[in-house]
Every structure is written in structure tokens, then in C-alpha cells.
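Asks: Kindly generate the corresponding structure for this input.
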Amino acid sequence: MKNKKIWVVGIGPGNEKDMTIRAHEVLNGCEYICGYTVYCELVKPLFPDKEYISTPMTGEEKRVQLAFEKADEGHEIAMICSGDAGVYGMAGLVYEIGRDYPEVSIEVIPGVTAALSGAALLGAPLIHDFCLISLSDRLTPMELIEKRLRAAAAADMVIVIYNPESRGRSGYLSKACDILLETFPPERVCGIVRNIGRSGESSTVMTLDELKNTKADMFCTVFIGNSSTKNISDVMVTERGYKSEV
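Replies: Next comes the predicted model:
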């Protein structure tokens, strides 16, 4: 009997060194690799002999549907996501649509999300409690995003911002900074990373006031420290609470 299966694979930032061994093994063993066009282009040099199924941005439901149709024919499919498939990834949608394909099994393979790979570039900003908030209002109302930003600020959480801006969402990061400045001081330590694990990778530590005027795009991840986060020789370090940190 043919194995009807979809593996939902987090590929990390997109380079081979930051991909888990398990993710690499699954991709190597599948017949088809399915994903957003940009992510498929990232892995094609690593797996040139695979068949690829790709759709552009906003084509997520069509992409998953195509993957299930192919899997239902008796194939193993790898649905790839950057970072981790369960963090702003495709895992949830795969399980939702998978209810219509009871004979197709699903397994999620974790990957390194941008909060972790970006934090490593900046230093140690996530040593204590933190949260992830996406500024994309394509699927979440802006009113709810603003509510979450204010709640995180009130809780003095380290905040990691995904999808800060895009060509159609300019000014979103500046607006988020204005909301955080209602609670945080302008000198709050922040950082931004770009193109993690790819060409043009960079990281910069700055203040919240400086971040407000910083340009960003979908390949950026933003970090806002809590009240104990410090700039130590241009890296972000959040105190854990050890006596030596007092």
C-alpha cells in the first residue's frame, strides 16, 4: 500500500546548516516538496531531484489543497515553512484541511523559528519571559494586534515582532513603537535582524526611539527588550535574575 502522508517541515532560516537533521532527512525522503515559492527556491539547490509544488504569497489554502490531492494519490509530501511550521506556519491549516482527507496522515517536524535564530545574532534577549506578535493584519484585525502590544508592554515582556512591514503595510513598525512608547521609555533596548541565515544577514542593537524610525520588511525580525534588558557591547542581554546581575 502506498504511503499517503504530509510532513509539515520547519526548515529554519533557509540555509542547510540551520536546518535540523530530522528536517533534512524528511525532505530527502519525500517525493514532493510543497511550499511558498521563495522557500522552495531556498531548498532547491539542496534537493534538486525533487518535484516541487509552489504557490505565491496569499496562496496558502490552494497550496495545502494541492499537497493533499497529491498525497491522496499515494505520495509523501513535505510541506515546508520557514522557521517552525507551528509558529505562524502552515501546520494549523494542514490539520484543518486534513479533516477532508482522513486517509492522509500528518506529522509536524519542528524547526528553528526566527525568534531563536534572530536572538542568537543579537546576543541573549530571550533569557526571560517573552512573547511573539505579528504585525500582519491580513488575518488578524489591527485592533487586536494593538491590544496585544499594549498587554505585552503592561506585562513587561520581551516582545519579538514578526512581519513588521511589507510593501503594502508601510509604517506599521513605527505605529507599533508609538504604542509601546505609551508604556516603555524611549531608551528601551531593542534590536532588529535582517535576512537571518541568508545573504545580507545583519543585526543592529538600538533604542526604541531609534527603532521607530528604522525601515523594515518581511525579512526582518524585531526585538524589544524588557526593563532589565541591557546593551552590553552592542549585544542585547536580558537579565534572568541571578545575584551577579543585580
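
Asks: Please report phi then psi for Ile97.
Replies: With angles defined as degrees, to the nearest 10, Ile97 sits at phi -70, psi -30.

Asks: ok, residues contacting the helix or strand containing Cys177?
Replies: In this structure, Cys177 sits in helix 172-180 according to DSSP states H and E. Residues external to helix 172-180 that are found in contact with it (CB atoms under 8 Å, 6 or more residues apart in numbering): 135, 137, 146, 149-150, 153, 159, 161, 164-165, 188, 208-209, 211-214, 216, 222, 224. The way it works is simple: take the backbone N, C-alpha and C, and place the C-beta from them, glycine included.

Asks: Could you check how far Ser227 is from Ala154?
Replies: Counting by CB to CB, to the nearest Å, the separation of Ser227 from Ala154 is 12 Å.

Asks: and what of Ala23?
Replies: Distance, Ala23 to Ala154, by CB to CB: 37 Å.

Asks: Same check on Met79?
Replies: Taking CB to CB, one finds Met79 at 37 Å from Ala154.

Asks: ok, now Ala119?
Replies: Distance from Ala119 to Ala154, by CB to CB: 22 Å.

Asks: who has more neighbours, the two?
Replies: Ala119 (24 against 10; other CB atoms under 10 Å).

Asks: which strands and helices sit next to the host helix or strand of the more buried one?
Replies: Using DSSP H and E, the element containing Ala119 is helix 114-122. On a contact count with 3 or more CB pairs under 8 Å, 6 or more residues apart in numbering; DSSP states H and E, helix 114-122 meets strand 158-162, strand 189-194, strand 202-207, strand 220-224.

Asks: outside of that helix, which residues touch it?
Replies: In contact with helix 114-122 (CB under 8 Å, 6+ apart) are residues 12-13, 18, 82-83, 87, 125-126, 130, 132, 160, 162, 191, 193, 196-197, 201, 203, 205, 221, 223, 235-236.

Asks: Please, where are all the strands along this structure?
Replies: For the chain, the strands defined by DSSP state E occupy 5-10, 32-36, 51-55, 76-81, 105-109, 123-124, 130-134, 158-162, 189-194, 202-207, 220-224, 229-231, 236-238.

Asks: is it possible to export those to JSON lines including mean pLDDT and distance to Leu66?
Replies: Shown next, in JSON lines, are those (pLDDT from 0 to 100; distance: least, CB to CB, whole Å):
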{"stretch": "strand 5-10", "mean pLDDT": "98", "distance to Leu66": "11"}
{"stretch": "strand 32-36", "mean pLDDT": "97", "distance to Leu66": "7"}
{"stretch": "strand 51-55", "mean pLDDT": "95", "distance to Leu66": "5"}
{"stretch": "strand 76-81", "mean pLDDT": "97", "distance to Leu66": "9"}
{"stretch": "strand 105-109", "mean pLDDT": "98", "distance to Leu66": "15"}
{"stretch": "strand 123-124", "mean pLDDT": "98", "distance to Leu66": "41"}
{"stretch": "strand 130-134", "mean pLDDT": "97", "distance to Leu66": "25"}
{"stretch": "strand 158-162", "mean pLDDT": "98", "distance to Leu66": "25"}
{"stretch": "strand 189-194", "mean pLDDT": "98", "distance to Leu66": "31"}
{"stretch": "strand 202-207", "mean pLDDT": "98", "distance to Leu66": "35"}
{"stretch": "strand 220-224", "mean pLDDT": "98", "distance to Leu66": "29"}
{"stretch": "strand 229-231", "mean pLDDT": "98", "distance to Leu66": "43"}
{"stretch": "strand 236-238", "mean pLDDT": "97", "distance to Leu66": "41"}
